[in-house]
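# I need the structure of the sequence given here:
(one chain, ligands or ions: 2)
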Amino acid sequence: MSGPLFRRLCLIGAGLIGSSIARLARERGDIAGTVVAHTRKPETLARIRELGFADVVEEDAARAVEGADCVILCVPVGAYAGVMAQIAPHLAPGCILTDVGSTKGSVIRDLAPLLPPGVHLVPAHPMAGTEHSGPDAGFATLFEGRYTILTPLPGGDRAAQDKVAEFWRRAGSTVESMDAATHDKVVAIVSHLPHLIAFTICGTADDLAEETREAVLRFAASGFRDFTRIAASDVDMWRDIFLNNRDALLEMLARFTEDSHALARAVRWGQSDFIEDRIRRGRRIRRGLIERKQA
Ligand SMILES: NC(=O)C1=CN([C@@H]2O[C@H](COP(=O)(O)OP(=O)(O)OC[C@H]3O[C@@H](n4cnc5c(N)ncnc54)[C@H](O)[C@@H]3O)[C@@H](O)[C@H]2O)C=CC1
Ligand SMILES: O=C(O)C(=O)Cc1ccc(O)cc1
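Numbers count the residues shown, from 1 in each chain. Ligands and ions are numbered 1, 2, ... in the order given. Next up is the predicted model:
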């Protein structure tokens, strides 16, 4: 049998996603010979050592990437430019630089200009996660049965793209490729707008008068609970996503606002047919999603 996919795999950031990758590599022998993990805060470094999912825990980002044949950025997307400035001079020629960030246009904007010659950039986004964060939250099966989207650069190295795709297939993902602009539009509607709405509706409920708010929290029916699960997500990560997918997110929010105003008008004027039509359409689409998942 041939050796693992990567000789030395370096993870910059070892929270939910980074630690899930490390745990996966530990569980499967065919991904990495050595796993190096770097993170910024001393307390997180200490916790990673305790959890023991990395072979090497390195406090210096530049030293962490030295000699790695694959580096995966697993930090909030707003930290990419700063991290890249630290690591770029230390990336070995032939190294694959990839990531897991939730936005892709900004990632290419922040990484590509600093890419040293001979280093191959292959941006990636596993469409898998939870509302939990940090190194304790990760688990090796996180990516199973989920999509991972690659947004390769035009003219990028095919062998590097194939290797990153193979890595995600070994993680249990189905791999798709698209351009970064398409990716950013798709995730704006399926992921970023739902998070924006979930954060907002929690605040809207919290703004209610004391008595009503008390009742809302006590009686929060499963609908409100299901709908707002994702509002428990990490602050830094979501601030960075909103700011780095601004145009696509604002476009989807404008469309949503227009559509919700149309429904509000129908409610105001008692237009049952319009209301029923919107509910039927929503039901049809949601049921279709579940059937697709089961197929
Ligand atoms: N949480 C989720 O469900 C998903 C997240 N993503 C993306 O994955 C990336 C990581 O997210 P999570 O693992 O969920 O976050 P997390 O908050 O669990 O972990 C982030 C890690 O990066 C470290 N970090 C932050 N800034 C740093 C810096 N400048 N230098 C070094 N380390 C730094 C933090 O200390 C932490 O260990 C983000 O870009 C996010 O958009 C992608 C798919 C799903
Ligand atoms: O918790 C959930 O359901 C999520 O939606 C997780 C998630 C968050 C960010 C991503 O870029 C991808 C997936």
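# going forward, measure contacts between C-alpha atoms and count neighbours the same way
OK.
# Now do the residue in the stretch 151-295 of the chain positioned nearest to ligand 1 against Leu73, distance only.
Closest to ligand 1 within the stretch 151-295 of the chain is Met237: 5.6 Å, counting by CA to the nearest ligand atom. Using CA to CA, to the nearest Å, Met237 is found at 13 Å from Leu73.
# on that earlier part again, would you check that the residue of the stretch 151-295 of the chain closest to ligand 1 makes contact with Val77?
Yes. If you go by CA atoms under 8 Å, Met237 and Val77 touch, sitting 7.2 Å apart.
# Comparing these two, which residue is more hemmed in?
Using other CA atoms under 10 Å, the more surrounded residue of Met237 and Val77 is Val77, with 25 against 17.
# Contacts only, for the nearest residue to Leu253 once chain neighbours are set aside.
Spatial nearest neighbour of Leu253, excluding adjacent residues (CA to CA, 6 or more residues apart in numbering): Leu193 at 6.6 Å. Neighbouring residues of Leu193 by CA atoms under 8 Å, 6 or more residues apart in numbering: Leu249, Met252, Leu253.
# Next, work out how far apart the second one and Leu196 are.
Right, the one you point to is Met252. 11 Å.
# Would you state the strands of the stretch 101-250 of the chain in chain order?
120-122, 124-126, 147-150, 174-177 (DSSP state E, counting those that start in this stretch).
# tell me which strands and helices the last one is in contact with?
Judged by 3 or more CA pairs under 8 Å, 6 or more residues apart in numbering; DSSP states H and E, strand 174-177 is in contact with strand 147-150, helix 158-170.
# ok, now the third one?
Counting contacts by 3+ CA pairs under 8 Å, 6+ apart, strand 147-150 is packed against strand 124-126, strand 174-177.
# Show me what counts as buried in the last one.
Of the residues in strand 174-177, those scored as buried under the neighbour-count criterion (16 or more other CA atoms under 10 Å) are Thr174, Val175.
# Would you convert the helices and strands packed on strand 174-177 into a markdown table that also reports mean neighbour count?
Shown next, in a markdown table, are the helices and strands packed on strand 174-177 (neighbours: other CA atoms under 10 Å):
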| stretch | mean neighbour count |
| --- | --- |
| strand 147-150 | 22 |
| helix 158-170 | 18 |
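# Give me the contacts around stretch 223-232.
Residues outside stretch 223-232 that contact it (CA under 8 Å, 6+ apart) are Thr130, Glu131, His132, His195, Ala198, Phe199, Ile201, Cys202.
# one more time with 6 Å
With CA atoms under 6 Å, 6 or more residues apart in numbering as the test, stretch 223-232 has contacts from Glu131, Ala198, Phe199.
# Near the second one, how many other residues are there?
Under the neighbour criterion other CA under 10 Å, Ala198 is assigned a count of 19.
# Contacts only, for it.
Thr228, Ala231.
# where does the stretch 1-150 of the chain come near ligand 2, residue by residue?
Ser102, Met127, Ala128, Gly129, Thr130, Glu131 (CA under 6 Å from any ligand atom).
# where along the stretch 151-295 of the chain do the helices fall?
158-170, 180-187, 193-206, 210-219, 222-228, 235-244, 246-268, 272-294 (DSSP state H, counting those that start in this stretch).
# Could I get the pLDDT score of the residue of the stretch 151-295 of the chain closest to ligand 1?
Note for Met237: predicted pLDDT of 98.
# Let me see the contact set for it.
Contacts here follow CA under 6 Å, 6+ apart; on that basis Met237 touches Pro76.
# what does Ile197 give?
Contacts for Ile197 (CA under 6 Å, 6+ apart) come out as none.
# From Leu249, how far out is it?
11 Å.
# Same question for Ala14.
To Leu249, Ala14 is 27 Å away according to CA to CA.
# more crowded one of those two?
Neighbour tally, Ala14 and Leu249, criterion other CA under 10 Å: the higher count belongs to Ala14, 29 against 24.
# Now the more buried one. Its backbone dihedrals?
The phi/psi pair for Ala14 (degrees, to the nearest 10) reads phi -130, psi 50.
# that older thread, can you select the buried ones among the residues of the stretch 1-150 of the chain next to ligand 2 for me in ChimeraX?
Selecting only the buried entries of these in ChimeraX, with 16+ other CA under 10 Å as the criterion:
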select :102,127
